[in-house]
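[1] show me how the following folds:
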Amino acid sequence: MILEMILSGFLFLFILILNVVMGAFGYLMEKDEYDPDADLKKINKNPRKFKLGIGLALVEHGCVILLTILLFVISNPYSMLLAIILLIFRIGEGLIQYINEPNYWKLIKLAEQHSDARDVEKNKIRDLASNIFKIKDRRFKFAMICWSIGTLAFSIILVNSQIAPEIIGWLGVLSGILVGFGTGIKLIKPKFKGEIIGALLAMVFEILIGSWLFFSPFF
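    Numbering: from 1, shown residues only. Next up, the predicted model:
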C-alpha cells in the first residue's frame, strides 16, 4: 500500500505540472471564447510545438487512468461502493479526453490550409476549426463532471478513513461539489464564470492530497 500511495501522490502532482506545460505548448483544455483565425495562425506558426502539446495531453490522460487504478487499490478496503464510483467516473474522465484527441489533431492540417486559403475557403476552414474547438470544450466539461463525481467519492473515503487528514477530505468534497455544479451551470449558461472557484479549490485539493500521499510514507 505504501508504494501505491507514493505513486498516487507523484501522479497527482505530475498531472498538475503536465497541465501547465500543455498550456504553454498551446494545448488548452477549454476556452470561453475562440478566435479560430488567431488560433489557427498560432498553430501554423509552430505546428511542432502544438503536436508536443497534444502528445503531453495523451500522457496526461493516461496518467489520470493510472492514478485512478491506484486510488481504487488504496480506497476499496474502506468502501468498495465508493471506490467503484471513483473507478468508473475518473476512468471515464480520461477516456473522454482520449476520444477527443484525433479530432483535435486535425487542427494542424487546417492551420496549414488556412494560411494559403482565399476568403471563401478560409471561412469554411474557420467554421471547421470553430466546430472542433466547441466539441472539445463540451467534451471537457463532461470530463469535469466525471472528475467531480469521482473526486467526491474518493474524498468521502478520505473523510471516513485514516488515509489523509480529514480536512483534506472535506476540501475534496467541497471542490467536487463546486466543480460539478459550476460545470453543469456553464453547460447551460456558457458565460457563467463562477466555476473558477471550484477549479481553484480543486487545484489546492490535488496539491495537498498529492503531497500528502507522496511524502507521508517517509515520515
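
[2] what is the neighbour count of residue 94?
    Number of residues near residue 94 (other Cβ atoms under 10 Å) recorded here: 21. (Glycine included, C-beta is placed from N, CA and C.)

[3] same question, residue 145
    Residues near residue 145, counting by other Cβ under 10 Å, number 20.

[4] give me the pLDDT value at it.
    On pLDDT, residue 145 comes in at 95.

[5] what of residue 217?
    Residue-level pLDDT assigned to residue 217 equals 86.

[6] SS state for residue 103?
    With DSSP: H, G, I helix; E, B strand; the rest coil as the basis, residue 103 sits in helix.

[7] cool, residue 161 as well?
    With three-state DSSP as the criterion, residue 161 reads coil.

[8] roughly how far apart are it and residue 175?
    Distance, residue 161 to residue 175, by Cβ to Cβ, to the nearest Å: 18 Å.

[9] tell me who's in contact with residue 85.
    When the contact criterion is Cβ atoms under 8 Å, 6 or more residues apart in numbering, the partners of residue 85 are 149-150, 153.

[10] for the helix or strand where residue 107 lies, the averaged confidence score.
    Following DSSP states H and E, one finds residue 107 within helix 80-116. Regarding helix 80-116, the rounded mean pLDDT is 91.

[11] re earlier: residue 161 and residue 175: who's more crowded?
    residue 175 (25 against 15).

[12] residues contacting that one?
    Residues in contact with residue 175 (Cβ under 8 Å, 6+ apart) are 151, 155, 198, 201-202, 204-205.

[13] output the helix or strand hosting it as CSV, nothing but the C-alphas.
    Counting by DSSP H and E, the element that carries residue 175 is helix 166-188. Written as CSV, here are the backbone C-alpha positions of helix 166-188 (Å, rounded to 0.1, in the frame of the first residue of the first chain):
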residue,chain,number,x,y,z
GLU,A,166,-9.8,14.8,7.5
ILE,A,167,-9.5,18.4,6.4
ILE,A,168,-8.1,17.4,3.0
GLY,A,169,-11.0,15.1,2.5
TRP,A,170,-13.5,17.8,3.3
LEU,A,171,-11.7,20.1,0.9
GLY,A,172,-12.1,17.4,-1.8
VAL,A,173,-15.8,17.1,-1.0
LEU,A,174,-16.3,20.8,-1.4
SER,A,175,-14.2,21.1,-4.6
GLY,A,176,-16.0,18.1,-6.1
ILE,A,177,-19.4,19.6,-5.4
LEU,A,178,-18.5,23.1,-6.7
VAL,A,179,-16.8,21.8,-9.9
GLY,A,180,-19.8,19.6,-10.6
PHE,A,181,-22.4,22.3,-10.1
GLY,A,182,-20.2,25.0,-11.8
THR,A,183,-19.6,22.9,-14.9
GLY,A,184,-23.3,21.9,-15.1
ILE,A,185,-24.3,25.6,-15.0
LYS,A,186,-21.7,26.5,-17.6
LEU,A,187,-23.1,23.9,-20.0
ILE,A,188,-26.4,25.7,-19.8
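
[14] pull out the buried positions in the next helix or strand after that helix.
    Later in the chain than helix 166-188, the nearest helix or strand by DSSP H and E is helix 195-215. Judged by neighbour count (16 or more other Cβ atoms under 10 Å), helix 195-215 contains these buried residues: 195, 198, 201-202, 205-206, 208-210, 212-214.
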